[in-house]
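**Q** output the structure for:
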Amino acid sequence: MTSLIKGNASGNAGDGDGDANLLINEVVGVPGGIGEAARRARAAAFERWLVPLLPDRPGVALVAVGGLGRRQCAPYGDLDLVLVHAGVPGMDELAPQLWYPIWDAGLRLDHSVRTLAEALSVAQDDVKVALGLLDARYVAGDRELADTLARTAADHWRRTAVRQLPALREITEARWQAHGELAFLLEGDLKEAAGGLRDVGILRAIATAGITDALRPAVRAAHLRLLDTRDALHEQAGRRVDRLVAQERDGVAARLGLRQPAGDAASGAVAPHDGDVLLRRVAGDARTVSHALDDAWRAADRLRSRRRGSDPRPVRRPVARDVVEHDGELVLARTAIGARPDPSLSLRMAAAAATTRLPIARATCEWLAAYCPPLPSPWPPDARAALITLLGAGPGLVPAWETCDRYGLIDGWLPEWTRLRSLPQHNPVHRYTLDRHLVQTAYEASRHTRDVDRPDLLLLGAFLHDIGKGLPGDHSTAGAPLAEAVAARIGLPEPEVALIGTLVRLHLLLPDVATRRDLSDPVTIARVAEAVGDGTTLDLLHALVRADATATGPAAWSDWKGRLVAELVARVRTALDTGVLPAPPAPDPALLDGPLPVVHLTGDRVAVAAADRRGLLATVAGCLALHRLEVLSADASTVDGRALVECRVQPRYGLPPDPIALGGDLRRAVAGDVSVTQRLRGRALAARGSGAAPRVVWHRDAATDAVLLELRAADAAGLLYRVTCALDEAGAQVRAARISTLGGDVVDAFYLVGGWPADDERARLEAAVLAAV
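**A** Numbering: from 1, shown residues only. Below you'll find the predicted structure:
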């Protein structure tokens with residue numbers, strides 16, 4: 001047995017979840033379990049418990065709305081109750097007698113007390129209340145009064161729904177903006193996100209109004225599965241939670257009996273978690289709900305237009321070859337429907353929908369899915385041109401693509417799409433599933449088409465850049481031949497096919513090098529120039545990097561990362577154009593004059609000059625950590641006996657530190673003030689955390705005068721200080737450091753002055769670094 005316990009609106013929850021669970025089981029007797037039967041059993045248990053709480057008084061009724069009204073009670077859901085009365089006195093005294101036992105039982109309660117007229121008046125002014133009353137159901141008291149409320153509310157909604165739906169749609173779109181799309185999110189809200197349970201309620205309201213058949217069998221089945229998933233999530237978490245977070249996925253999948261089919265591992269793909277199977281099912285159900293709601297909104301719009309007295313004859317307007325706008329939707333021209341339809345017809349329809357931002361009629365989608373023949377290999381030019389137009393359509397791409405995917409048209413164009421659809425991405429910087437990420441990257445790439453010589457190849461490369469994910473090995477390497485196969489199938493010539501493969505294989509080169517390597521080192525620039533080969537490819541990769549990062553999520557890009565990538569691109573372009581590697585930047589002249597120490601703080605730059613001594617970089621890094629600054633890059637050098645340390649920083653959280661306090665600590669620390677050093681070490685020890693085992697990777701010949709030690713570990717405050725201290729104590733000289741943060745992990749690169757160390761020396765340095773982490 002589980003229960004429906006969580007904190008209540010008045011703060012009268014029990015002392016702990018365990019006590020509350022025990023109390024509710026004893027008092028209410030609410031059963032746990034997953035599925036329709038369990039939800040109805042919970043509703044029945046609540047009703048049995050609530051009935052005696054209402055004194056027998058004429059003209060007073062207890063009405064359930066929400067989950068209890070629908071008999072869809074979740075294991076840890078709310079109680080939504082309305083105490084409706086016929087104007088009888090004494091309600092101020094009666095209502096607390098009803099609500100306090102519910103609060104004392106540890107339940108969260110949403111309640112109201114209204115007359116019948118008040119309830120209907122509020123419903124007229126507030127569309128959310130109007131929808132809530134559609135679920136109104138008698139629980140106790142005056143049954144006739146409760147039935148009158150439910151019947152009148154439903155009748156009022158049927159009469160006014162067309163007028164109220166625009167306000168409802170505005171509220172709904174604001175909710176979508178806040179919570180995103182459940183079908184594509186890696187940690188979506190099962191209730192509030194687009195395609196979630198809240199949207200099913202809107203479909204039910206539209207169906208109740210008789211506008212369209214919004215609750216078709218596929219929608220009902222998707223709704224039941226989403227309810228089951230929420231039940232399992234509540235029981236897995238032991239509390240009310242609607243967001244399907246990553247750490248709960250496998251447990252929820254197990255409760256639902258979802259397992260990865262044994263045969264999938266043999267297909268060459270990496271065997272996914274059971275939670276991935278759950279996520280793909282949720283994505284499919286959310287898509288079903290979202291598509292149904294899109295259809296319902298359009299049906300309501302057409303009905304409202306007719307009621308305004310518009311011309312009853314639908315307008316037909318040609319918008320592209322074989323494509324006509326009819327009553328606000330795109331349909332096929334009569335001449336396109338024949339015994340042997342053009343194989344490119346579905347792609348041309350999708351391109352027209354994306355460019356005009358008009359929806360494709362459902363009947364047209366069904367006809368195309370049933371009768372449009374498969375595309376030959378290679379594709380005809382019309383099909384290839386339509387695909388590029390579709391990918392470059394900007395904001396119209398995503399809805400047009402989703403509509404085509406809903407009816408199976410995408411699988412006909414790209415057989416690889418079946419594997420990619422709704423595939424989760426487990427890196428926390430990603431906000432979307434793989435299929436949406438690919439489409440979103442193409443959309444973002446359309447913003448950069450004027451920056452490159454071959455916008456068509458940019459769009460296609462952006463769309464295919466992660467096609468290797470889910471396969472064994474590095475996804476860039478695994479994806480290159482797959483992308484080349486797609487490019488050849490759509491009819492690109494061999495040189496362009498090879499360029500698409502290069503874009504996919506190298507799409508991470510620029511950000512990885514920019515954030516993990518010393519851009520002033522000629523070896524760095526030479527290797528990137530050799531890999532890229534020419535300026536056209538470099539420009540395509542630069543645009544692809546920006547599109548990919550924006551489509552990934554806010555954690556994947558920053559102004560600092562953008563500047564680093566742009567600096568790398570500029571240096572590589574100089575090398576490609578002239579064949580001459582750019583000279584390293586000269587030291588800041590301000591650091592070379594005046595008495596020591598010298599400290600300059602400007603924006604995100606911290607520069608220090610001090611007497612040359614070991615451990616100076618570690619001291620500066622620790623002082624910055626003490627002031628809650630993350631070091632993004634650090635360079636150390638010696639000029640005329642002066643040790644120079646230059647760092648790029650950003651606040652770890654909150655506002656930037658006080659520059660006067662930071663400057664004072666830096667001057668004392670580099671001068672050897674023991675008190676500052678003790679504070680640094682105390683903070684560093686306190687910052688140590690736990691996580692996955694760190695790893696050290698060595699790179700030979702990656703720099704002109706140094707070897708590269710790369711640390712991959714969990715992110716933590718003061719990590720750079722601890723590692724540079726360990727390297728200094730082990731006798732290594734660090735001339736540069738590059739810090740790359742990926743979600744909760746970091747990849748820190750340290751340039752150690754000197755040649756390639758012997759095996760025992762590498763082992764000693766590696767042990768020192770890992771001990772510091």
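
**Q** which helix or which strand is home to the nearest residue to residue 729 once chain neighbours are set aside?
**A** Spatially, and ignoring its direct neighbours in sequence, residue 729 is nearest to residue 768 (7.0 Å; CB to CB, 6 or more residues apart in numbering). Using the backbone N, CA and C atoms, a C-beta is placed for each residue, glycine as well. Assessed by DSSP states H and E, residue 768 sits inside helix 759-772.

**Q** before we move on, what about residue 426?
**A** Using DSSP H and E, residue 426 sits in no helix or strand.

**Q** in contact with the residue nearest to residue 729, which residues?
**A** Contact partners of residue 768, counting by CB atoms under 8 Å, 6 or more residues apart in numbering, are 726, 727, 729, 730.

**Q** ok, of those, which come out buried?
**A** Neighbour counting over the contacts of residue 768 (16 or more other CB atoms under 10 Å) leaves 726, 727, 730 as the buried ones.

**Q** show me which of the residues you listed is closest to residue 583.
**A** Using CB to CB, residue 727 comes nearest to residue 583 of the buried ones among the contacts of residue 768, at 27.9 Å.

**Q** counting contacts, what elements does the helix or strand where the closest one lies pack onto?
**A** Following DSSP H and E, the helix or strand that holds residue 727 is helix 719-729. On a contact count with 3 or more CB pairs under 8 Å, 6 or more residues apart in numbering; DSSP states H and E, helix 719-729 meets helix 616-626, helix 674-687, strand 706-714, strand 734-742, strand 745-753, helix 759-772.

**Q** so which residues of the stretch 451-600 of the chain form strands?
**A** Assigned by DSSP state E, counting those that start in this stretch, the strands in the stretch 451-600 of the chain fall at 598-602.

**Q** cool, and the stretch 151-300 of the chain?
**A** Under DSSP E, counting those that start in this stretch, the stretch 151-300 of the chain gives no strands.

**Q** helices along that one, start to end?
**A** Per DSSP state H, counting those that start in this stretch, the stretch 151-300 of the chain carries helices over the ranges 197-208, 217-237, 246-255, 274-307.

**Q** tell me the buried residues in the last one?
**A** Right, the one you point to is helix 274-307. For helix 274-307, the buried set under the neighbour-count rule, 16+ other CB under 10 Å, comprises 274-283, 285-298, 300-304.

**Q** any idea of the mean pLDDT in stretch 231-242?
**A** The average pLDDT within stretch 231-242 is 92.

**Q** one more: stretch 653-669?
**A** pLDDT averaged over stretch 653-669 gives 88.

**Q** same deal with stretch 286-305?
**A** For stretch 286-305, the mean per-residue pLDDT is 88.

**Q** outside of that stretch itself, which residues are in contact with it?
**A** 161-163, 165-166, 169, 181-183, 188, 193-196, 199-200, 202-203, 206, 211-212, 214-216, 218-219, 222-223, 226, 327-329, 359, 362, 399, 402-403, 405-406.

**Q** let's see that with 7 Å instead.
**A** 162, 165, 169, 182-183, 194-196, 199-200, 202-203, 206, 211-212, 214, 216, 218-219, 222, 327-328, 359, 362, 406 (CB atoms under 7 Å, 6 or more residues apart in numbering).

**Q** and the closest residue in space to residue 275 that isn't next to it in sequence, how far is that from residue 242?
**A** Counting by CB to CB, 6+ apart, residue 249 is the residue found nearest to residue 275 once chain neighbours are left out, at 2.9 Å. To residue 242, residue 249 is 14 Å away according to CB to CB, to the nearest Å.

**Q** same deal with residue 525?
**A** Taken as CB to CB, the span from residue 525 to residue 242 is 50 Å.

**Q** who has more neighbours, those two?
**A** Between residue 525 and residue 242, counting by other CB atoms under 10 Å, residue 525 is the more crowded of the two (22 against 19).

**Q** what about that one, distance to residue 581?
**A** Distance of residue 525 to residue 581, given as CB to CB: 5 Å.

**Q** common neighbours of these two, please.
**A** Applying CB under 7 Å, 6+ apart, one finds that residue 525 and residue 581 are jointly contacted by residue 575.

**Q** just to confirm, which helix or strand has residue 444 in it?
**A** Using DSSP H and E, residue 444 maps to helix 434-445.

**Q** do me a favour and average the pLDDT over that helix.
**A** Computed over helix 434-445, the average pLDDT equals 96.

**Q** would JSON lines of the buried ones among the contacts of residue 768 with distance to residue 323 and pLDDT be doable?
**A** Output for those, formatted as JSON lines (distance: CB to CB, whole Å; pLDDT from 0 to 100):
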{"residue": "726", "distance to residue 323": "66", "pLDDT": "91"}
{"residue": "727", "distance to residue 323": "65", "pLDDT": "92"}
{"residue": "730", "distance to residue 323": "69", "pLDDT": "92"}
